[in-house]
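Visitor: Sequence first, predicted coordinates after that:
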Amino acid sequence: MRIFINLTLSICLTWVSCVWVAQIWSQEDVAPVATGDAAVYGVDGSAVVPLTDEIQYGLMLFTQGGGLTLRRGFYQNASKIRWWGSDLLLFKHPKEEKITNPVYEDGRAYVFGKVNSMYLFRVWRGGQKLHSEKLRKDAVRVSSLWRYGVTLGVLKPVYMEIGYPDIPYDYIATERYDPSIHFSSNIFGQSQWMYGLDELSVVPGFHVSYALDFEYGTERHVQRTLTAGVAVDAFLFDPEIFASSFEQNSRTFVTLFATFELGSNWTR
């Protein structure tokens with residue numbers, strides 16, 4: 001019996017020793033695996049670094065133009081953010097095609113039949129839901145982003161440099177483009193951008209969009225984000241970009257877009 005007891009104790013002590021050594025080796029040689037919750041919560045469930053605010057700004061490109069974007073976010077919890085934001089974009093009609101005066105090569109390019117340039121100014125709010133947290137320092141956080149709000153289509157009249165009387169021109173005058181009296185034979189080129197700023201008009205509408213958001217910043221409080229999605233802008237009436245005798249204008253535009261943004265988040 002004594003031999004059996006001693007043998008049993010020896011086996012138990014050996015097993016405990018092996019477990020203790022294995023735990024030491026695992027702590028020294030293997031880094032702990034992070035989880036999405038571990039990035040925000042401790043082992044006991046208490047908050048470690050609860051983020052409350054975020055801001056991002058950057059460039060937006062879409063299938064009919066491009067511009068600037070800005071957004072300000074407020075964390076609802078570890079996986080949801082509420083956003084307020086705005087976009088300022090140059091909108092290009094899908095039928096735009098620039099041409100030049102074939103006789104005067106120094107004339108600026110213009111779009112024949114385009115009577116207004118349009119800019120989009122959006123003010124929106126939205127939400128973001130986290131789907132995949134970064135489990136490693138060099139990983140990517142994946143989330144979905146939806147937005148809705150107001151779109152203002154800002155129309156700026158196009159001005160042209162018109163040659164008189166006929167080719168060869170004796171002089172050139174800057175005039176608001178009127179397709180009924182200005183033809184390719186007397187258009188020297190498009191005037192500078194500043195002409196028409198005092199004649200802006202606004203077409204109201206609304207905006208909705210949905211996108212996937214990929215955040216790949218290597219530091220927790222420094223954001224680098226790529227976003228790709230689809231957007232819809234609808235107006236109360238057709239914005240007049242082209243003269244009606246040239247192209248049909250539309251009040252609804254569906255576009256694909258992508259943004260590259262920089263930003264930061266913090267705790268108040």
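Guide: Structure received. Values in this document were obtained by computation on a predicted structure and should not be read as measured data. Numbers count the residues shown, from 1 in each chain.
Visitor: how deep is residue 92 tucked in, by neighbour count?
Guide: Residues lying near residue 92 (other Cβ atoms under 10 Å) number 17. Every residue, glycine included, has its C-beta placed from N, CA and C.
Visitor: One more: residue 141?
Guide: Residue 141 has 19 neighbouring residues, counting by other Cβ under 10 Å.
Visitor: Report the contact partners of the residue lying closest to it once chain neighbours are set aside.
Guide: In space, and not counting its chain neighbours, residue 141 is closest to residue 215: 4.3 Å by Cβ to Cβ, 6 or more residues apart in numbering. For residue 215, the contact set (Cβ atoms under 8 Å, 6 or more residues apart in numbering) comprises 134, 140, 141, 143, 223, 224, 225.
Visitor: Let me know the closest of these to residue 68.
Guide: residue 225 (14.7 Å; Cβ to Cβ).
Visitor: In this structure the closest one contacts residue 211, no?
Guide: No - counting by Cβ atoms under 8 Å, residue 225 sits too far from residue 211 to count as a contact (10.5 Å).
Visitor: picking up where we left off before, can you tell me how far the residue nearest to residue 141 is from residue 236?
Guide: Here residue 215 is placed at a distance of 36 Å from residue 236 (Cβ to Cβ, to the nearest Å).
Visitor: Over to residue 131?
Guide: The value you get for residue 131 to residue 236, if Cβ to Cβ is used, is 36 Å.
Visitor: Please apply the same query to residue 154.
Guide: With distances taken as Cβ to Cβ, residue 154 is found 14 Å from residue 236.
Visitor: and if you look at residue 147?
Guide: According to Cβ to Cβ, residue 147 stands 20 Å off from residue 236.
Visitor: do residue 94 as well
Guide: 21 Å.
Visitor: that older thread, who's more crowded, residue 154 and residue 236?
Guide: residue 154 (17 against 11).
Visitor: ok, the more buried one - contacts?
Guide: Shown in contact with residue 154 (Cβ under 8 Å, 6+ apart): 118, 119, 120, 121, 200, 201, 202.
Visitor: One more pass at 10 Å, please.
Guide: 88, 91, 116-121, 200-203, 239 (Cβ atoms under 10 Å, 6 or more residues apart in numbering).
Visitor: Spit out the residues that contact residue 225 and residue 211 alike.
Guide: 143, 145, 259.
Visitor: in which helix or strand would I find the last one?
Guide: By that I understand residue 259. According to DSSP states H and E, residue 259 maps onto strand 252-266.
Visitor: contacting residues for the spatially most central residue of the chain?
Guide: Note on the chain: the residue nearest the mean C-alpha position is residue 259, at 3.3 Å, using Cα atoms, centre = their mean. The contact partners of residue 259, taken as Cβ under 10 Å, 6+ apart, are 56-62, 66, 68-69, 71, 87, 145, 211, 213, 225-229.
Visitor: Now, of these, which are buried?
Guide: 56, 58, 60, 62, 66, 69, 71, 87, 145, 211, 213, 225-227, 229 (16 or more other Cβ atoms under 10 Å).
Visitor: nearest to residue 187, of these?
Guide: Among the buried ones among the contacts of residue 259, and counting by Cβ to Cβ, the member closest to residue 187 is residue 66, at 26.4 Å.
Visitor: The helix or strand containing the closest one pairs with which strands?
Guide: Assigned by DSSP H and E, residue 66 belongs to strand 65-75. Counting by DSSP bridges, the strands paired with strand 65-75 are strand 53-62 (antiparallel), strand 80-91 (antiparallel).
Visitor: Let me know the pLDDT of residue 30.
Guide: Looking at residue 30, its pLDDT stands at 38.
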